[in-house]
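Novice: No letters, just coordinates:
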């Protein structure tokens with residue numbers, strides 16, 4: 001081979017190498033772009049960090065004379081499942097094939113019976129509302145409030161994880177909806193659904209998927225998120241209840257915290273090793289636990305609030321893990337006290353103050369350090385208290401978006417002096433039945449400058465970006 005041909009051959013090899021390297025780099029870069037974006041995506045219950053903070057900037061301070069701009073609305077079946085949004089895909093669940101019977105059944109737990117029907121997982125184009133894929137399955141209900149599924153889908157990488165009201169745990173590929181693996185928790189662990197159905201959202205922790213399950217020694221189960229293989233199981237509880245699991249990290253140590261019907265437990269999220277238990281309260285007032293709200297953690301302090309039991313503050317220590325109670329507002333019937341007493345509303349914490357809503361519909365501010373009362377607002381949701389009232393409060397820059405259980409969206413500020421409303425508009429009709437009134441109990445998603453919300457008839461997308 002001549003010197004000239006050798007040089008040409010080397011140049012060609014170099015070009016091929018550079019092209020291959022560039023293609024490989026672009027492929028990796030494109031894959032990275034498919035990962036969850038903590039600023040714009042809402043991949044699970046309460047957002048990217050599960051803290052109820054919307055980190056996008058440039059949102060509206062008011063709706064103007066024309067009101068909120070509805071980008072699209074599409075029909076859906078009934079359910080309490082809030083949407084999750086990643087990129088241009090929205091994931092949600094609903095109830096099918098019961099011909100509306102579920103909405104008509106008496107929601108009193110003492111009168112419940114089996115309601116025939118099915119559940120469905122739906123993937124929509126978040127930009128247009130068009131259906132990209134769906135997966136339905138038969139699922140008779142044996143729970144109170146049999147309107148539809150409860151848990152927000154959890155999106156991680158190229159998988160989406162769903163948990164139905166009767167314990168159907170499934171992993172789908174986000175691109176085409178094909179089933180990767182599935183579990184029927186009730187059958188596999190010899191348990192039964194909580195009285196109000198499975199409602200504690202699956203959470204991803206590295207290679208693990210953590211799910212409250214129930215049964216002997218399996219109150220919480222850890223699965224391999226890719227294969228569904230059981231990695232460990234732990235605890236026995238009289239009621240696994242409904243509060244989301246929480247990962248607590250402090251001083252280089254990680255603890256999985258589970259608030260259930262008998263109290264709070266701490267475990268090693270990687271192995272299931274049990275660290276500590278705190279009983280709360282000493283005695284139960286009702287057969288079924290109303291352990292629902294997402295715990296709030298600031299530093300090494302852990303706050304929960306419950307309708308009948310009041311508010312509890314714990315101090316969690318690390319190395320080794322331990323716990324001690326800082327205060328409790330528990331009384332014989334704390335609903336009549338000036339403590340938080342939330343039923344379903346996850347409170348927000350700002351500058352040493354806690355803002356939330358009692359189970360009777362009173363907006364309330366208390367102090368983080370001792371739980372003492374600061375102010376009440378009894379007019380936001382109704383002129384008179386409403387039993388089982390609920391707000392979904394999401395922080396965005398220096399303001400909050402507040403979605404109430406009657407379908408109103410407000411833009412507001414919470415201050416030590418009180419609640420300051422900047423704008424309020426009706427965006428959805430309340431369609432569910434509870435305590436003699438219509439309610440909307442599905443948490444919306446805030447993503448890509450928009451709010452995605454649902455009732456029992458439709459999903460809507462509303463633009464909240466400043467023009």
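Specialist: Cool, got the structure. Everything quoted here is computed from the prediction, not taken from an experiment. Residues are numbered from 1 along each chain as shown.

Novice: Sketch out the low-pLDDT regions of the stretch 101-250 of the chain for me.
Specialist: 108-112 (pLDDT under 70).

Novice: which stretches of it form helices?
Specialist: 101-104, 185-189 (DSSP state H, counting those that start in this stretch).

Novice: Compile these into CSV and extend it with columns for mean neighbour count.
Specialist: Heads up, the C-betas are built off the backbone N, CA and C, glycines and all. Below are the helices of the stretch 101-250 of the chain laid out as CSV (neighbours: other C-beta atoms under 10 Å):
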stretch, mean neighbour count
helix 101-104, 17
helix 185-189, 17
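
Novice: what's the closest of these to residue 234?
Specialist: helix 185-189 (12.2 Å; C-beta to C-beta).

Novice: contact partners of the closest one?
Specialist: For helix 185-189, contacts defined as C-beta atoms under 8 Å, 6 or more residues apart in numbering pick out 166-169, 191-193, 198, 211, 213-215, 218, 221, 233.

Novice: Swap in 6 Å and give it another go.
Specialist: Defining contact as C-beta atoms under 6 Å, 6 or more residues apart in numbering, one finds that helix 185-189 is touched by 167, 169, 213, 215, 218.

Novice: what does stretch 49-67 give?
Specialist: Identification of contacts with stretch 49-67 by C-beta under 6 Å, 6+ apart yields 39, 46, 394-396, 422-423, 425, 446, 464, 466.

Novice: and if you look at stretch 435-451?
Specialist: Outside stretch 435-451, the residues that reach it (C-beta under 6 Å, 6+ apart) are 40-42, 54, 80, 82-83, 85, 387-388, 392, 394, 403, 405, 407, 430, 432, 452-455, 461-465.

Novice: And that stretch, what's buried?
Specialist: For stretch 435-451, a neighbour-count test (16 or more other C-beta atoms under 10 Å) marks 439-451 as buried.

Novice: Turn the residues you listed into TSV, columns for distance to residue 322, secondary structure and pLDDT.
Specialist: Listed next are the buried residues of stretch 435-451 as TSV, based on distance: C-beta to C-beta, whole Å; DSSP: H, G, I helix; E, B strand; the rest coil; pLDDT from 0 to 100:
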residue	distance to residue 322	secondary structure	pLDDT
439	40	strand	92
440	41	coil	94
441	36	coil	95
442	38	coil	97
443	33	coil	96
444	38	coil	98
445	37	strand	98
446	37	strand	98
447	38	strand	97
448	42	coil	96
449	44	coil	97
450	44	strand	98
451	41	strand	98
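
Novice: from the contacts of helix 185-189, which single one is nearest residue 157?
Specialist: Among these, residue 169 lies closest to residue 157 (C-beta to C-beta), at 17.3 Å.

Novice: Pull the contacting residues for that closest one.
Specialist: Counting by C-beta under 6 Å, 6+ apart, residue 169 touches 163, 183, 185.

Novice: out of everything not next to it in sequence, what's closest to the first one?
Specialist: Okay, so that is residue 163. In this structure, residue 163 finds its nearest non-sequential neighbour in residue 151, 4.3 Å apart by C-beta to C-beta, 6 or more residues apart in numbering.

Novice: ok, now the second one?
Specialist: Once flanking residues are discounted, residue 183 sits nearest to residue 169: 4.3 Å by C-beta to C-beta, 6+ apart.

Novice: Kindly report the same for the last one.
Specialist: Nearest in space to residue 185, with sequence neighbours left out and distances taken as C-beta to C-beta, 6+ apart, is residue 167 at 3.5 Å.

Novice: again with residue 359
Specialist: Counting by C-beta to C-beta, 6+ apart, the residue nearest residue 359 is residue 343, at 3.4 Å.

Novice: three-state assignment of that neighbour?
Specialist: Under DSSP: H, G, I helix; E, B strand; the rest coil, the three-state class of residue 343 is coil.

Novice: Please list all residues in contact with it.
Specialist: 307, 359, 388.

Novice: change it to 7 Å
Specialist: 290, 292, 307, 359, 388, 390 (C-beta atoms under 7 Å, 6 or more residues apart in numbering).

Novice: and the fourth one, what pLDDT?
Specialist: Read it as residue 359. On pLDDT, residue 359 comes in at 88.

Novice: Likewise for the last one?
Specialist: The predicted local distance difference test score for residue 390 is 92.

Novice: Settle this for me: it is touching residue 345, isn't it.
Specialist: Yes - shown here, residue 390 and residue 345 form a contact pair, counting by C-beta atoms under 7 Å, at 5.4 Å.

Novice: Would you agree residue 174 is in contact with residue 161?
Specialist: No - Residue 174 lies out of contact with residue 161 (C-beta under 7 Å); the separation is 10.5 Å.

Novice: When the two are compared, which one has more neighbours?
Specialist: More neighbours surround residue 161 than the other of residue 174 and residue 161, with 27 against 21 (other C-beta atoms under 10 Å).

Novice: what stretches of the stretch 251-400 of the chain score poorly on pLDDT?
Specialist: Under the criterion pLDDT under 70, the flagged ranges of the stretch 251-400 of the chain are 284-288, 332-336, 382-385.

Novice: And residue 82, how far from residue 325?
Specialist: Per C-beta to C-beta, to the nearest Å, residue 82 is found 32 Å from residue 325.

Novice: Who has more neighbours out of those two?
Specialist: Comparing residue 82 with residue 325 by other C-beta under 10 Å, the one with more neighbours is residue 82, at 25 against 12.

Novice: Bridged to the closest residue to residue 124 other than its chain neighbours, which residues?
Specialist: Spatial nearest neighbour of residue 124, excluding adjacent residues (C-beta to C-beta, 6+ apart): residue 90 at 4.4 Å. With DSSP bridges applied, residue 90 shows beta-bridge pairing to residue 85, residue 124.

Novice: check contacts around residue 90.
Specialist: When contacts are counted by C-beta under 7 Å, 6+ apart, residue 90 is found next to 83, 124, 126, 452.

Novice: So for it, what's the pLDDT?
Specialist: pLDDT at residue 90 comes out at 98.

Novice: just so I have it, where are all the strands in the stretch 251-400 of the chain?
Specialist: 253-260, 263-267, 274-279, 296-298, 301-306, 310-317, 322-328, 348-350, 353-357, 363-367, 373-377, 391-396, 399-404 (DSSP state E, counting those that start in this stretch).

Novice: Including distance to residue 134, could those strands go into JSON lines?
Specialist: Listed next are those as JSON lines, based on distance: least, C-beta to C-beta, whole Å:
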{"stretch": "strand 253-260", "distance to residue 134": "32"}
{"stretch": "strand 263-267", "distance to residue 134": "35"}
{"stretch": "strand 274-279", "distance to residue 134": "40"}
{"stretch": "strand 296-298", "distance to residue 134": "35"}
{"stretch": "strand 301-306", "distance to residue 134": "36"}
{"stretch": "strand 310-317", "distance to residue 134": "41"}
{"stretch": "strand 322-328", "distance to residue 134": "44"}
{"stretch": "strand 348-350", "distance to residue 134": "34"}
{"stretch": "strand 353-357", "distance to residue 134": "34"}
{"stretch": "strand 363-367", "distance to residue 134": "38"}
{"stretch": "strand 373-377", "distance to residue 134": "41"}
{"stretch": "strand 391-396", "distance to residue 134": "25"}
{"stretch": "strand 399-404", "distance to residue 134": "25"}
